[in-house]
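[1] here are the coordinates; sequence isn't available:
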């Protein structure tokens, strides 16, 4: 681990390679697991604001889940997450013509109808950020459904931090990312 400003960063985001391989996993991270995508408090208002624009992109089941649970949920541990459809798929998931899970929010963003790509936790994946009082921990999250992404990343020689570059800049800023690159260059030599 190393420190960058008010973050403690796992060396795994430099050491590990990763490139999403959607043709292999079919977007499983959006439909597997037992919880919705983690949300930051600042994202709640944005979800409320964009929902009427995103709703036409959603599946019927997603709309029903959001109508029943809200655009977000608060867990018993006071954490914020996207709602799920029957305890499985994220309510914001849609499927393309190849059966690959996609984010309806990102689809709306890609079509230029909203200016918010998706929750930062989704954009950052496989990096997870845990906020503490004095600092944020920046870690690589290993999940077996992403084994094909690790294989592809290794083949293409793309470390995790480069794969999620735009998301890291969105979260921590350009200067923070440039510092991370310096550390990574020294580390990978």
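    Alright, I've got the coordinates. All of these numbers come straight from a predicted model, not from anything done at the bench.

[2] Taking the centroid of this protein, which residue is nearest it?
    residue 122 (1.3 Å; CA atoms, centre = their mean).

[3] so it is in which element?
    helix 120-124 (DSSP states H and E).

[4] What's the first helix or strand after the worst-scoring helix or strand of the chain on mean pLDDT?
    Every helix and strand in the chain was compared by mean pLDDT, DSSP states H and E; the lowest is helix 22-25, with a mean of 84. Per DSSP H and E, the first helix or strand lying C-terminal to helix 22-25 is strand 38-39.

[5] What helices and strands are in contact with that next one?
    strand 80-81 (3 or more CB pairs under 8 Å, 6 or more residues apart in numbering; DSSP states H and E). All C-beta spots, glycine's among them, are computed from the backbone N, C-alpha and C.

[6] So in that sheet, which strands flank the next helix or strand after the strand it packs on, and in what orientation?
    Moving toward the C-terminus from strand 80-81, the next helix or strand (DSSP H and E) is strand 84-85. Neighbouring strands of strand 84-85 in its sheet, by DSSP bridges, are strand 89-90 (antiparallel).

[7] what about the strand it pairs with, distance to the chain center?
    Relative to the chain's own centre, strand 89-90 is displaced by 13 Å; criterion: CA atoms, centre = their mean, to the nearest Å.

[8] residues of the helix holding residue 122 that come out buried?
    Across helix 120-124, burial judged by 16 or more other CB atoms under 10 Å covers 120-124.

[9] In a markdown table, list those residues along with distance to residue 29 and pLDDT.
    Below are those laid out as a markdown table (distance: CB to CB, whole Å; pLDDT from 0 to 100):
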| residue | distance to residue 29 | pLDDT |
| --- | --- | --- |
| 120 | 15 | 95 |
| 121 | 11 | 93 |
| 122 | 8 | 91 |
| 123 | 12 | 93 |
| 124 | 12 | 94 |
